[in-house]
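Colleague: no sequence on this one, just coordinates:
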Ligand SMILES: Cc1cc2nc3c(=O)[nH]c(=O)nc-3n(C[C@H](O)[C@H](O)[C@H](O)COP(=O)(O)OP(=O)(O)OC[C@H]3O[C@@H](n4cnc5c(N)ncnc54)[C@H](O)[C@@H]3O)c2cc1C
């Protein structure tokens, strides 16, 4: 493509959401450019690593509806690319039987008719012999839940995008955005123009939006709230188990590993000693990763309030990976001025009203 090329769409950020957005645009024969600040692949955003959980236990109906299609879209791209991206493992959920969260998970699975098995204290150790169920805790297994091979999924979306004629420029940090009927995007390695722009920049979203006079109430955390602990098969470290603390501390995405607070590790060690008697509670490898949180933990999927040809996908609040293919489809629809496949009112920017700073 020559320097004068006018793209149908430029997507900023080649994490899972930007890569799937670019892929859906290319599928619709749109001339699309995907820009990434780092050399690909990289581990500095939120989409890297080998595994992410996919599950259906969402009490909000808008997520539950999307998830049905999500499983189909994951299977579709697996077929197109001839790679395996999803492995069904089942998901064991344990928690205090009378707690709000545990009740919610159980009721939601029943309400959404997701295949599940409820275990009693009596039969728990027969089915799950290596784990201790705390006194007063209940356990359910969500059968269709599993893992997504994260790095491979992002690479596959990018690869399919390129096969469809899409262009990726990595090592191209966007340093300025000039809105207009044709949006101009200035990067460290060139200037590009397009009819529309999608911003999927993860923890860096507000830095980019500053060029357009907008600031969203996003908080970047080095990994969200209370003792929500989860684990999943650790593909990258055979013989080890990946145990994660769904909480963290506010951080700067460019200085993620300067974090010194280790209270999360202490909590994980105590939990493992109590519930996983066969595991060494001392961590062999410690890694942190970035969450970009909205106040209500729901995503932002919307047009820029002042520029209808700029679309924003942000604030995936630590649970956005599984939705990648559907987010990509929705952001591509918004950027092409199409009616989105789902009601996007829960994801509108106007829900924040007084928390959104605007210099427009
Ligand atoms: C530890 C961890 C575990 C998680 N577990 C799960 C899970 O089990 N299940 C689940 O569904 N979700 C999970 N999530 C959440 C999920 O991974 C994220 O919601 C998702 O990866 C967000 O993707 P993104 O594309 O929005 O952001 P990112 O992956 O951060 O991508 C944004 C990209 O934009 C680029 N960029 C930024 N600024 C610029 C610029 N100026 N110029 C060019 N490029 C730029 C960045 O370099 C980056 O590549 C987890 C997240 C973490 C951190």
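Modeller: Ah, there it is. Predicted, not measured: the structure shown is a model, and the values here were computed from it.

Colleague: name the residues of the stretch 151-300 of the chain found near the ligand, please.
Modeller: For the stretch 151-300 of the chain, the residues in contact with the ligand (C-beta under 6 Å from any ligand atom) are 173-174, 200-204, 208, 223, 244, 289-291. All C-beta spots, glycine's among them, are computed from the backbone N, C-alpha and C.

Colleague: narrow these to those in helices?
Modeller: In helices, defined here by DSSP state H, the members of those are residue 208.

Colleague: measure residue 236 to residue 311 for me?
Modeller: With distances taken as C-beta to C-beta, to the nearest Å, residue 236 is found 33 Å from residue 311.

Colleague: now swap in residue 270 and tell me
Modeller: 44 Å.

Colleague: over to residue 299?
Modeller: Counting by C-beta to C-beta, the separation of residue 299 from residue 311 is 13 Å.

Colleague: neighbour count winner among residue 270 and residue 311?
Modeller: residue 311 (25 against 12; other C-beta atoms under 10 Å).

Colleague: list the pairing partners of the helix or strand harbouring that one within its sheet, with orientation.
Modeller: Following DSSP states H and E, one finds residue 311 within strand 310-314. Partners of strand 310-314 in the sheet, by DSSP bridges, are strand 190-199 (parallel), strand 300-303 (antiparallel).

Colleague: tell me which of the ones you listed sits nearest to residue 52.
Modeller: Closest to residue 52 of the strands paired with strand 310-314 is strand 300-303 (C-beta to C-beta; 19.1 Å).

Colleague: now do the SS call for the residue located most distally from the centre of the chain.
Modeller: Here the chain reaches farthest from its C-alpha mean at residue 122, the gap being 36.8 Å by C-alpha atoms, centre = their mean. Classification of residue 122 using DSSP: H, G, I helix; E, B strand; the rest coil returns helix.

Colleague: residues near the residue lying closest to residue 257 once chain neighbours are set aside, how many?
Modeller: Leaving aside its chain neighbours, residue 257 sits nearest to residue 288 (6.7 Å; criterion: C-beta to C-beta, 6 or more residues apart in numbering). Number of residues near residue 288 (other C-beta under 10 Å) recorded here: 15.

Colleague: now swap in residue 68 and tell me
Modeller: So residue 68, with other C-beta under 10 Å, has 11 neighbours.

Colleague: on the three-state scheme, it is what?
Modeller: Per three-state DSSP, residue 68 ends up helix.

Colleague: which residues does it contact?
Modeller: Residues counted as contacts of residue 68 (C-beta atoms under 8 Å, 6 or more residues apart in numbering): none.

Colleague: what about it, distance to residue 89?
Modeller: According to C-beta to C-beta, residue 68 and residue 89 sit 19 Å apart.

Colleague: same check on residue 139?
Modeller: For residue 139, the distance to residue 89 - C-beta to C-beta - is 15 Å.

Colleague: quick one: which of those two has more around it?
Modeller: Applying other C-beta under 10 Å to residue 139 and residue 89 shows that residue 139 carries more neighbours, namely 23 against 17.

Colleague: helix or strand: which one has the more buried one?
Modeller: Short version: residue 139 belongs to strand 137-142, going by DSSP H and E.

Colleague: continuing past that strand, what's the next helix or strand?
Modeller: Using DSSP H and E, the next helix or strand after strand 137-142 towards the C-terminus is strand 146-149.

Colleague: in its sheet, what does that next one sit against?
Modeller: If you go by DSSP bridges, strand 146-149 pairs up with strand 51-54 (antiparallel), strand 86-88 (antiparallel).

Colleague: ok, the residue lying closest to residue 66 once chain neighbours are set aside - how many residues close by?
Modeller: Spatial nearest neighbour of residue 66, chain neighbours left out: residue 326 (5.1 Å); criterion: C-beta to C-beta, 6+ apart. Residue 326 has 25 neighbours, counted by other C-beta under 10 Å.

Colleague: alright, that wraps it up for me.
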